[in-house]
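Q: build me a structure from this.
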Amino acid sequence: MKEKFSVVIPVYNSEKTLEKLYLKIKQELLKITSSYEFIFVDDKSKDNSFNIIEELCSKDCNVIGIKLNKNYGQQNAVFCGLNYASGDYIINMDDDLQHNPKYIKDMYVELKKGYDIVYAVTQVKYHKLYRNIGSKLTDKLFNLLLKKPKDKRVSSYRILKKDLRNLILKEKRAYNYISASILKNTKNIGNIYYEHSARKHGNSNYTFLKQLKIFLRIYLYYSNNVIFKFFLKRNEPFIIEKILNTRKEK
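A: Numbering: from 1, shown residues only. This next block holds a predicted model:
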């Protein structure tokens with residue numbers, strides 16, 4: 001039986017990169033398997049990103065396009081996509097071509113060594129200083145709050161097994177931080193190192209204020225402090241406005 005791969009990509013204002021990203025990923029997937037699917041989740045982009053997704057859906061029945069009714073943020077968009085991923089292995093990566101698809105096979109090979117999830121990480125930094133500081137603070141928070149192994153690192157470029165995906169989806173939160181949910185369910189983490197690509201188009205959506213808000217949300221939603229539970233939002237993590245290519249079997 002062929003192993004199926006699902007690729008979940010949160011999309012925000014990426015009309016210039018989506019088609020090229022899709023083609024590059026597909027090229028790498030076909031080196032491993034002929035059984036695959038893409039799940040593009042448009043987080044209420046302001047450009048023509050969803051039009052590009054619609055075109056991809058019309059050309060490839062293995063592409064699922066989802067449009068959210070408002071901007072819920074990258075993490076909740078990924079969480080949405082995980083709900084529609086039916087593969088044995090789920091790949092998650094950004095939409096801006098900074099995550100080079102050529103490392104998909106390397107992550108898969110590492111995953112087959114027995115890990116539940118493998119993150120692709122890099123020592124090279126192309127981000128602004130506050131983002132590097134924010135990443136380090138988040139890493140420290142994961143070490144303290146979620147007991148992340150100190151010799152392991154996390155990122156938004158990863159491959160995980162279906163069983164771990166199922167555990168993540170059992171956690172119902174208004175705000176989801178995928179790596180925090182992962183660490184809640186496993187410490188069996190692998191890493192590969194890769195060369196990070198510079199952003200091809202546009203600028204990062206992250207500001208210092210957004211970075212700080214993410215840090216605080218992780219602490220609020222993933223801490224075991226009972227007092228914090230009273231401050232948590234109870235609304236849905238996402239609402240879908242439109243979905244394409246649901247006709248195929250799951």
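
Q: now the phi/psi pair for the residue nearest in space to the middle of the chain, please.
A: By Cα atoms, centre = their mean, the chain has its centre lying nearest to residue 92, at 4.2 Å. When read as degrees, to the nearest 10, the backbone of residue 92 gives phi -130, psi 130.

Q: next: residue 106.
A: Phi and psi for residue 106, reported as degrees, to the nearest 10, are phi -60, psi -40.

Q: who does the closest residue to it other than its chain neighbours form a beta bridge with?
A: Distance criterion Cβ to Cβ, 6 or more residues apart in numbering; nearest residue to residue 106, sequence neighbours excluded, is residue 192 at 5.2 Å. Every residue, glycine included, has its C-beta placed from N, CA and C. Taking DSSP bridges as the rule, residue 192 bridges to residue 120.

Q: for the chain, where's the lowest mean pLDDT among helices and strands?
A: Within the chain, no helix or strand scores below helix 129-145, which has a mean of 69 by mean pLDDT, DSSP states H and E.

Q: after it, which helix or strand is next?
A: Per DSSP states H and E, the first helix or strand lying C-terminal to helix 129-145 is strand 158-161.

Q: pull the contacting residues for the residue nearest to residue 106.
A: Contact analysis of residue 192 by Cβ atoms under 8 Å, 6 or more residues apart in numbering lists 103, 106-107, 110, 118-121.

Q: just the buried ones from these?
A: 103, 107, 110, 118-121 (16 or more other Cβ atoms under 10 Å).

Q: how close does the residue nearest to the centre of the chain sit to residue 234?
A: Distance from residue 92 to residue 234, counting by Cβ to Cβ, to the nearest Å: 26 Å.
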